[in-house]
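*Asks:* pasting the sequence and the predicted model now:
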Amino acid sequence: MVSMVLITLKGIFRDRVFQGIMFTAFAFLLIPVIASLSMRQVTELSLTLSLSLISFILLLLAVFLGATSIWKDIERRYAFSVLGLPLSRQSYLLGRFGGTAFFVLLTSTLLGIAAFVAVLYSSSIYPSERPIVWSTMALCILFDALKYILLIAVAFLFSTVSTSFFLPVFGTIATFLIGGVTQQVYEFVNTPASASLSPLVKQLARYLYYVLPNFGAFDLKVNAIYGLPIPTNGIFLTVIYFLVYVGVVLSAAAAIFSRREMR
């Protein structure tokens, strides 16, 4: 499986995705200029733009790498030659996922460094009354990466049941959009304001809350921007949630892929 991880990384570098990401990272040079337009909250705006740019780039990686990796291998018949080797389908799938996830972590690290430089430069020109908690910013970037690794796992699950790239791509995008509001919907159906909803709708919303991914738990942008403390228990539970959810999704994907007919 380790060899499959390395092959996946080499394939990503060969497709020049990494170079494209590094080119996109030059947008961080514009952040101090744009943030300076807000004379009162330059540092806060710089943090907001930097973290939002990282999140956007990681989303693109999760969708286009996670949702098309298996499909491209089958379309190019590369998967047939690889699976002809003494390598199980489960090892192939997990190796592909591991390589893609590692690339996302590597990219988030490099983008995080660029964000740190942009924020540091902005804060040196226009000092903020509110101190920057660098550790919270780093934790925010890390949990953003974990969020998109979870999304990649979902994309791989879609790839194992589809023969085209439409379901993995659009299914991954839909999962991202839905997963971003599951927490708000769950909180709403448990408030008196939802009294007009039928019990069936409320129960369905509760079931979907536990089935669909909750990406809101990984969002620490507000804490990083305003230097708010992060509850340790919440961080621990989110990590456990990430490990369990990814494990369940990958297990389901491996089970489906092992029974899939290759043509």
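*Replies:* That came in fine, so what should we check first?
*Asks:* could you pull out the helices for the stretch 151-263 of the chain?
*Replies:* Ranges of helices within the stretch 151-263 of the chain are 166-179, 182-189, 199-211, 221-226, 232-258, based on DSSP state H, counting those that start in this stretch.
*Asks:* can you tell which of those is closest to Gly99?
*Replies:* helix 232-258 (13.6 Å; CB to CB). For every residue, glycine as well, the C-beta is placed using N, CA and C.
*Asks:* follow-up on the earlier one: out of the helices of the stretch 151-263 of the chain, flag the one nearest Leu157.
*Replies:* Nearest to Leu157, of the helices of the stretch 151-263 of the chain and by CB to CB, is helix 232-258 at 4.3 Å.
*Asks:* how about that closest one: buried residues?
*Replies:* When burial is assessed from 16 or more other CB atoms under 10 Å, helix 232-258 yields the following buried residues: 238, 241-242, 245-246, 249-250, 253-254, 257.
*Asks:* any weak-confidence spans in this protein?
*Replies:* For the chain, the stretches flagged by pLDDT under 70 are 1, 17-18, 22, 39, 73-87, 163, 260-263.
*Asks:* got a list of contacts for stretch 192-201?
*Replies:* 188-189, 202 (CB atoms under 8 Å, 6 or more residues apart in numbering).
*Asks:* try it again with 6 Å
*Replies:* Phe188 (CB atoms under 6 Å, 6 or more residues apart in numbering).
*Asks:* can you check stretch 32-43 too?
*Replies:* Applying CB under 6 Å, 6+ apart, the set of residues contacting stretch 32-43 is 45-46, 118, 121-123, 126, 128.
*Asks:* hmm, try it at 8 Å
*Replies:* Here stretch 32-43 has contacts from 44-46, 49, 118-119, 121-123, 125-128, 130, 132, using CB under 8 Å, 6+ apart.
*Asks:* restricted to helices, list those residues.
*Replies:* Secondary structure from DSSP state H places 44-46, 49, 118-119, 121-123, 125 of the contacts of stretch 32-43 in helices.
*Asks:* Leu105: which of the helices of the stretch 151-263 of the chain is closest?
*Replies:* That would be helix 232-258 among these, by CB to CB, at 12.9 Å.
*Asks:* how about Leu93, phi and psi?
*Replies:* Torsion angles at Leu93 (phi, psi; degrees, to the nearest 10) stand at phi -60, psi -50.
*Asks:* next one: Leu197
*Replies:* According to degrees, to the nearest 10, Leu197 has phi -80, psi 150.
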